[in-house]
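Novice: Pasting a predicted model and its sequence here:
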Amino acid sequence: MWEVLQQDRFTRWVFAGACLFVLLMTRPQPTGHHDRARFATVEALIDHGTWSIEPSRFDTIDKVQRHGKLYASKPPMMPALMAGVYAMIKHSTGRTFGNAQWLVVKLLVVICIGVPYLFFVLAWASFLNAVTDRRRWAYRFCLLAGAFGHYVFGYSIMANNHTMAAVALFFAFYHQWMLDMGHRSSLWHLSAAGFFAGLAPTLELPAAVASVGLFVAAVARFGPRTTWNWFVPAAILPLSAHFVLNLIATGGSLLPFYLIGDYHYPGSYWNNPMSFDTLNEPKLLYTFQFILGHHGVLSLTPLWLFSLWGAWTSLRDPDSPWRPVALILSASVLIAAPYFVFKTGNYGGGAHGFRWLFWLTPMWLLLLIPAAQKLRGRAMWSAAAAALAFSVFTALFVSHDPWGMSPLHMLFNRMGWIDY
């Protein structure tokens, strides 16, 4: 991957910009209940030897009660990975949450969130270098879009599972498609694809839809035996770790705390929720708002409109290498979107964008490639540049207040169209 930095100056500038953003903008303190819940588990594990977050200094509403104790309501994989990094920091430097909280928090976020995002940018550049011509505008447009034009970039400066899951899923596509398109020859890339496909749903459960899609695509392209020998064993590794961690953390259950814990214990925030958590909008309005409204997947990241075009053209071409990606994206949207429409009502709480669908980002980006290669004329490129600029703006706006209002949310609120 590193050779792409040596070959193109523009790529070096983009990567340098991404590095500066991560190093300078990463928050040295938890920014909301979501990340405090994870830091609480990390501190409890390493400093107190328990999964219960009761001894932790980080208070959060994202907790449940089980067997009389309080636990973070988050899946165990991400805090377990972060706990390993925290243990190394603690034992090598003596720095802890107790004596250097700001430094430890920043190091954890940079190492566990920022660095994976930077590797994603590097791999994205390498992938584009293989499938496009670096001298064409399509390469630069897609490179900028992948590095800065979506919420995975915006959220890379705070502890969150969405960035980690999207990066894992991208690497699954990266390894599988590099092999599929003939840019790699070793079947170890199929194992790498399987590993990351297995890892993604341990960080973001709905991403399992895309992981299954990758498995089906591998069977169709490489055959059942090759997929079983190379893809499946690697996928089992992170999935097994996930279930083992659940067993250890919960004291005997394969299911994570958010599925088996009691949210309504005495004193729980969820007994009397406020703001977003009390919303009960009509489902048609809710659907509009998270597609085209204040939390809109397409309104806040209009780049994906071009990805939809790329998906449409790929679906119509049976020989397109992007057709399987379009099919996986279609299946993911058709399964995940109705679930969130009917099972949720708070847009993921106070957050920029509809964060529960950020794991779709790798597929949106891949389908941007065939669209960019078809752009012709000043009008089309101007529209694409405008979509890119607004997408970068909304992603950068996250750094202003990570768990606050997006630009469209602020506009809707000030216009009086919503009161939350």
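Specialist: In hand now; what should we look at?

Novice: okay, CA-based contacts and neighbour counts for the rest of this
Specialist: Noted.

Novice: residues near residue 318, how many?
Specialist: 11 (other Cα atoms under 10 Å).

Novice: ditto for residue 92
Specialist: Residue 92 has 9 nearby residues by other Cα under 10 Å.

Novice: distance of it from residue 86?
Specialist: With distances taken as Cα to Cα, to the nearest Å, residue 92 is found 10 Å from residue 86.

Novice: for residue 204, same thing?
Specialist: Per Cα to Cα, residue 204 is found 22 Å from residue 86.

Novice: the more surrounded of the two?
Specialist: Higher neighbour count among residue 204 and residue 86: residue 86, with 26 against 23, using other Cα under 10 Å.

Novice: from what I can see the more buried one touches residue 110, true?
Specialist: No. With contact defined as Cα atoms under 8 Å, residue 86 does not count as touching residue 110 (12.0 Å).

Novice: just for the stretch 1-150 of the chain, where's the confidence low?
Specialist: Counting by pLDDT under 70, the stretch 1-150 of the chain shows low-confidence ranges at 133-135.

Novice: quick one: residue 116 from residue 193, how far?
Specialist: Computed as Cα to Cα, the residue 116 to residue 193 distance reads 16 Å.

Novice: Counting neighbours around each, name which of the two comes out higher.
Specialist: Using other Cα under 10 Å as the criterion, residue 116 and residue 193 rank with residue 193 on top: 32 against 17.

Novice: quick one, what contacts the more buried one?
Specialist: By Cα atoms under 8 Å, 6 or more residues apart in numbering, the residues touching residue 193 are 171, 172, 173, 174, 175, 176, 231.

Novice: Could you pull up the residues touching the third one?
Specialist: Contacts were defined as Cα under 8 Å, 6+ apart; by that measure residue 173 touches 193, 214, 362.

Novice: Neighbours of the closest residue in space to residue 200 that isn't next to it in sequence, how many?
Specialist: For residue 200, ignoring the flanking residues on the chain, the nearest one in space by Cα to Cα, 6 or more residues apart in numbering is residue 165 at 4.8 Å. Residue 165: 26 surrounding residues under other Cα under 10 Å.

Novice: now do the one 3 residues further on
Specialist: By the criterion of other Cα under 10 Å, residue 168 has 27 neighbours.

Novice: Which elements pack onto the helix or strand hosting residue 81?
Specialist: Using DSSP states H and E, the element containing residue 81 is helix 77-93. Where contact means 3 or more Cα pairs under 8 Å, 6 or more residues apart in numbering; DSSP states H and E, helix 77-93 is packed against helix 33-48, helix 101-109, helix 188-203, helix 232-250.

Novice: Distance from the last one to the middle of the chain?
Specialist: Centroid displacement of helix 232-250 relative to its chain, using Cα atoms, centre = their mean, to the nearest Å, is 20 Å.

Novice: Can you give me the buried ones in it?
Specialist: 232, 234-236, 238-239, 242-247, 249-250 (16 or more other Cα atoms under 10 Å).
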